[in-house]
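Chemist: Provide a 3D model corresponding to the input given below.
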Amino acid sequence: VQLQASGGGLVHAGGSLTLSCTSSRNTLGYYAIGWFRQAPGKEREAVSCITSSASSTWYADSVKDRFTISKDSAKNTWSLRMNSLKPEDTDVYYCNSVASWGTTYWGQGTLVTVSS
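Modeler: Reported below is the predicted structural model:
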């Protein structure tokens, strides 16, 4: 299984970006999919996740009401729409998936830089 993340870049504070992650495997085989982020020297932290059925979503308090996670099962893709970006959102963002059989998969990171 391979996850390919894209969409990172440089944006001014208050701007928006959309990250996308494409899975080489049908997302219906996953229990949940989501996004994490990690700054240099810090632990990776969960940002948002969505269940395979899309019936449930979760957001870190720091991104609630600004970020929106969605999925497109037909394209085996999920996205993270990030609005009202802040400099503290600057991180390397990783997509991940948790398979129904218990394995966790990670995509390569995509860098998001928010300038003040």
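Chemist: can you tell me the SS state at the residue at minimal distance from the centre of the chain?
Modeler: Centroid-nearest residue in the chain: Trp35, 2.8 Å away (criterion: Cα atoms, centre = their mean). Under DSSP: H, G, I helix; E, B strand; the rest coil, the three-state class of Trp35 is strand.
Chemist: make 39 the starting number, not 1.
Modeler: With 39 as the first residue, the last one maps to Trp73.
Chemist: in this protein, which spans are strands?
Modeler: 41-44, 47-50, 55-61, 68-76, 83-89, 95-97, 105-110, 115-120, 129-137, 142-144, 148-153 (DSSP state E).
Chemist: picking up where we left off before, pretty sure the residue nearest to the centre of the chain sits against Tyr132.
Modeler: Yes. Counting by Cβ atoms under 8 Å, Tyr132 is a contact partner of Trp73 at 7.0 Å. Backbone N, C-alpha and C define where each C-beta goes, glycine included.
Chemist: for Tyr40, which non-adjacent residue is spatially closest?
Modeler: Careful, residue 40 is Gln and not Tyr. Ser62 (4.3 Å; Cβ to Cβ, 6 or more residues apart in numbering).
Chemist: Cys133 too?
Modeler: Cys59 (3.3 Å).
Chemist: bridging residues for the one you found?
Modeler: Here Cys59 sits in beta bridges with Ala43, Trp116, going by DSSP bridges.
Chemist: what's around it, how many residues?
Modeler: The number of residues packed near Cys59 is 27, by other Cβ atoms under 10 Å.
Chemist: and if you look at Leu57?
Modeler: 25.
Chemist: could you measure from Thr60 over to Ser135?
Modeler: As judged by Cβ to Cβ, to the nearest Å, Thr60 and Ser135 stand 11 Å apart.
Chemist: got any residues that touch both of these two?
Modeler: Both Thr60 and Ser135 are in contact with Leu41, where contact means Cβ atoms under 8 Å, 6 or more residues apart in numbering.
Chemist: would you list the phi and psi of the nearest residue to Asn121 once chain neighbours are set aside?
Modeler: In this structure, Asn121 finds its nearest non-sequential neighbour in Ser54, 4.8 Å apart by Cβ to Cβ, 6+ apart. Dihedral angles of Ser54 (phi, psi; degrees, to the nearest 10) stand at phi -130, psi 150.
Chemist: fine, thanks again, bye for now.
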